[in-house]
Structures are given as C-alpha cells and as structure tokens.
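In: Sequence and predicted structure below; questions after.
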Amino acid sequence: MYEYQATLVSVTDGDTVRLDIDLGFNVILHNMPIRLIGIDAPDARNPEGLVAKTYMKELLPVGTAITLISYKDKTEKYGRILGIVIISETSMNVNQEMVNKGHAVPYLTTRS
C-alpha cells in the first residue's frame, strides 16, 4: 500500500473520482481516475446511480484535500488506480461511508 496526498478534481460516479495526486518532489499526476476499492455503486445512468453520485459530490466538493491509499499502484481493467479515499480534514473513509449510507455494496476484488 502507498499513501499520497491529493486534491479532488471531479466525481465520476458513486465509486470513481478524479484526483490530482502529489507524488512528492514537485511531481503531480493530474486528473487521475481512481476506482474506490472494495465497493460497487450502481451505474450513474440509472436513478440509484445518480443518487450515489450526488451523495459522493456532497461528501467531496471540488478541491477537497484527500489522502489516497493505493494498492501497489495497480490499476484495474479500465486503467483506474484502485484505492481508498480518505477526507484529510475529517479522516472519513469515503469507501466505507458509501457502503454505510447504502449507496454502494461491498465488492471483493481479486488481486493478481
């Protein structure tokens, strides 16, 4: 696991966000897609998915300071980094919050 400081750029849906990730030494990865590991939210093209996306946007306004915990810098089949998103100011685990509020379900991923 690796831990990075990041800033929220946008919310894609209930389990995907885009972040500017600070790698240190003045190196920043801009607008990187992050798939929240361990959860699955409904597709944003249906009503439940729109509710999940709206709630995620309420949790994470653009510019929110984030701590990203990534898993061995792996990506999934769509090229998104897999990780846990923590709101830096409150230490809220967004992955768990989405499940707790019923906007996502736990999702086991296989590691290769």
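Out: Received, thanks. All figures in this text were calculated on a predicted structure; none of them were measured in a lab.
In: Strands of this structure, start to end?
Out: Taking DSSP state E to define them, one finds strands in the chain at 2-13, 16-24, 27-36, 39-40, 65-75, 81-87, 92-93, 105-106.
In: any idea which of those strands scores lowest on pLDDT?
Out: Looking at the strands of the chain, the lowest mean pLDDT belongs to strand 65-75 (a mean of 83).
In: ok, back up a step: give me whichever of the strands of the chain is most buried.
Out: Most buried of the strands of the chain, by mean neighbour count (mean count of other Cβ atoms under 10 Å): strand 81-87, with a mean of 22. Placement of C-beta: from N, CA and C, glycine included.
In: Residue 6 against residue 17, yeah?
Out: No - using Cβ atoms under 8 Å, residue 6 makes no contact with residue 17, being 9.3 Å away.
In: Residue 98: how many residues sit nearby?
Out: 24 (other Cβ atoms under 10 Å).
In: let me fix that: residue 91
Out: Residues lying near residue 91 (other Cβ under 10 Å) number 8.
In: now do residue 90
Out: 8.
In: on that earlier part again, mind putting the strands of the chain into a markdown table with distance to residue 58?
Out: What follows is the strands of the chain, written out as a markdown table (distance: least, Cβ to Cβ, whole Å):
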| stretch | distance to residue 58 |
| --- | --- |
| strand 2-13 | 10 |
| strand 16-24 | 13 |
| strand 27-36 | 16 |
| strand 39-40 | 17 |
| strand 65-75 | 15 |
| strand 81-87 | 12 |
| strand 92-93 | 12 |
| strand 105-106 | 20 |
